[in-house]
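# predicted structure and sequence below. I'll ask about it afterward.
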Amino acid sequence: MNGLRAILKFYAEMGAEFLHLPGSDPRADLAELNREILQCRRCRLHETKTHYVPGEGSNRPDIVFVGEAPGETEDQFGRPFIGKAGQLLDKIIQKMGLSRDTVFIGNVVKCRPPNNREPLKDEVEFCLPFLQRQIAILRPRVIVCLGKVALNNMLGTSHSMGRIRGQLLSFNGIPLVPTYHPAFILHKKDKEEISKAKWEVWEDMQKVLALLPGKRP
Ligand code: URA
């Protein structure tokens, strides 16, 4: 009875609209959730998007990477992080000794905001429950937040990434490692700044790996 109470409390705190009962099939649960995302009309973004981008990867991942929202390439193909920022993320994942299909990659918002503007408050409010449900189904051991927009929308905070990175945070009891968004690095012009930011991301990823005994870069 206490176990059930703990599960219900977890879902209530997460604002989840559906119960994912431990022991159920994550593949089926994710497929059902994807069907819902692909029919979503909760906010204006469904009118301007080309494709929904629900997220993809393993359904039993150690790590979930969370970005802000799909960009132009992602919108075109319905897949997360496949443009330039995605190519850098792929390199980071490879350097960690992992591959895209062993992790899960998603976004706070599942439709591209016009001209890649930041998602608006109500768009996040409508879409965030999808990410919360994805995380509840996937039950990763670590969440990596890519950039301050993803971080602050997930946690309801207003951190600067430069200041908060290096700290270990948590999301519904799951360790959360904040780091720079790959696009933030790609937008830099100064070569020294680029190297520094890449090195800092690598430091953050070592923290992630340290939370996963048995995984080494
Ligand atoms: N930037 C993001 O935040 N997400 C993507 O999927 C692609 C680029």
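Perfect, I can see it now.
# list the contacts of residue 139.
Residues counted as contacts of residue 139 (Cβ atoms under 8 Å, 6 or more residues apart in numbering) are 26, 174. Every residue, glycine included, has its C-beta placed from N, CA and C.
# bridged to the residue of the chain found nearest the ligand, which residues?
The nearest approach of the chain to the ligand comes at residue 67, 2.8 Å away (Cβ to the nearest ligand atom). Beta-bridge partners for residue 67, by DSSP bridges, are residue 107.
# just checking, it touches residue 147?
Yes. With contacts defined as Cβ atoms under 8 Å, residue 67 counts as touching residue 147 at a distance of 6.8 Å.
# find residues that contact each of the two.
Here residue 67 and residue 147 share the contacting residues residue 181, scored by Cβ under 8 Å, 6+ apart.
# who's more crowded, these two?
The neighbour comparison of residue 67 against residue 147 (other Cβ atoms under 10 Å) goes to residue 67, with 28 against 21.
# number of nearby residues for residue 123?
Other residues close to residue 123 by other Cβ under 10 Å number 21.
# and the helices in the chain?
2-14, 26-37, 45-48, 72-77, 84-95, 121-138, 148-155, 161-164, 182-186, 191-210 (DSSP state H).
# dump those helices into CSV; add distance to the ligand and mean pLDDT as well.
Shown next, in CSV, are those (distance: least, Cβ to the nearest ligand atom, whole Å; pLDDT from 0 to 100):
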stretch, distance to the ligand, mean pLDDT
helix 2-14, 22, 76
helix 26-37, 14, 97
helix 45-48, 14, 98
helix 72-77, 4, 98
helix 84-95, 5, 98
helix 121-138, 12, 98
helix 148-155, 7, 98
helix 161-164, 13, 97
helix 182-186, 6, 97
helix 191-210, 14, 97
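# just those helices: most buried one?
helix 148-155 (a mean of 22; mean count of other Cβ atoms under 10 Å).
# for that one, which outside residues touch it?
Under Cβ under 8 Å, 6+ apart, the answer for helix 148-155 is 66-68, 107-108, 118-119, 124, 128, 131, 145, 157-161, 164, 169, 171, 176, 178, 181.
# same thing but at 7 Å, please
With Cβ atoms under 7 Å, 6 or more residues apart in numbering as the test, helix 148-155 has contacts from 66-68, 108, 118, 124, 128, 145, 158-161, 169, 171, 178.
# PyMOL command for the buried members of those?
Written as a PyMOL command, the selection of buried residues from the contacts of helix 148-155, which uses 16 or more other Cβ atoms under 10 Å, is:
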select buried, resi 66+67+68+108+124+128+145+159+161+169+171+178
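# what sits closest to the residue sitting nearest the centre point of the chain if chain neighbours are left out?
What sits nearest the mean C-alpha location of the chain, by Cα atoms, centre = their mean, is residue 66, with 1.4 Å. In this structure, residue 66 finds its nearest non-sequential neighbour in residue 150, 4.9 Å apart by Cβ to Cβ, 6 or more residues apart in numbering.
# how close does the one you found sit to residue 5?
Separation of residue 150 from residue 5 (Cβ to Cβ, to the nearest Å): 31 Å.
# now do residue 75
42 Å.
# again with residue 54
31 Å.
# in contact with residue 15: list those residues for me.
129, 132.
# same question for residue 112.
Counting by Cβ under 7 Å, 6+ apart, residue 112 has contacts 49, 69, 70, 71, 72, 74, 75.
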